Every structure is written in structure tokens, then in C-alpha cells.
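A.B. asks: A predicted structure for the sequence below; I have some questions about it.
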Amino acid sequence: QVQLVESGGGLVQAGGSLRLSCAASGRTFSNSAMAWFRQAPGKERELVAAIRSSSSTNYADSVKGRFTISRDNAKNTMDLQMNSLKPEDTAVYYCAATRTIGLIDPTDRRIYNYWGQGTQVTVSS
């Protein structure tokens, strides 16, 4: 059974940093894209950052220059380093992974087959 488990969320003041981690089990995703999404109350789930198996990345404009996505294929893990956090970054953050290999758009939410349970990030002003 495939599981994605997020950790590292919490409460932080504006300007602070957090590091989220996602640990995958049940299958390897070393040849697949992975991503972080977030969902704030009353809003749609949105892409934060995506990373291909090659480690090339995509970021939402709102987090460019502040967040960094990375992966460790040997450990089957993915991280999100979040710096200069803003109150508008407050949301539940979800780890996602796809079983599709090949040419895909890693920013397309529809390609992701597996999702974690989410971790809350709260940024106070």
C-alpha cells in the first residue's frame, strides 16, 4: 500500500522558516514527478512546487525565491524549504506523487495519483 506522510508543519511568525518533509512508502517514485500543493480555508487546492525525476522544478509565482523543493530518490523523500514566510502562506500543505513516467506536466494536479494527509502551516503576522 502506497503511503505519503508529511511532517514539519507548525506555527511560525511572519518572516520565519519551516521545512516540510514527505516520506513515501509502498513504491518508489524515483522515476516520477512529485509535488507540494496547499489549500487555504475556502480556497481551491493549488500547486506550490513540483519536481521531476530529473530534479527540474516548477514553482508558483507566489513562492518563487522563497521556497525550495528538493528530493532524495535514494530515500524516497521530498522536502520543501520555506523561507520568508507570509501570513498568506497559511494553509494545509499536501505532498503528492504520480505513477506516470514520461512526458507529463508536473504542474497539472490531475496527474497525481497519491496524496498525503496534509500538514498545517500557520504563519502569524
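C.D. replies: Cool, the structure landed.

A.B. asks: what residue is smack in the middle of this protein?
C.D. replies: Residue closest to the average C-alpha location in the chain (Cα atoms, centre = their mean): residue 36, at 1.8 Å.

A.B. asks: so in terms of bridging, what pairs with it?
C.D. replies: Per DSSP bridges, the residues bridged to residue 36 are residue 49, residue 95.

A.B. asks: separation between it and residue 14?
C.D. replies: Distance, residue 36 to residue 14, using Cβ to Cβ, to the nearest Å: 20 Å. All C-beta spots, glycine's among them, are computed from the backbone N, C-alpha and C.

A.B. asks: excluding its backbone neighbours, what's nearest residue 58?
C.D. replies: residue 50 (4.6 Å; Cβ to Cβ, 6 or more residues apart in numbering).

A.B. asks: correct me, but the one you found touches residue 33?
C.D. replies: Yes - Residue 50 is within contact range of residue 33, at 6.0 Å (criterion: Cβ atoms under 8 Å).

A.B. asks: show me the common contact partners of the two, please.
C.D. replies: Shared contacts of residue 50 and residue 33 (Cβ atoms under 8 Å, 6 or more residues apart in numbering): residue 106.
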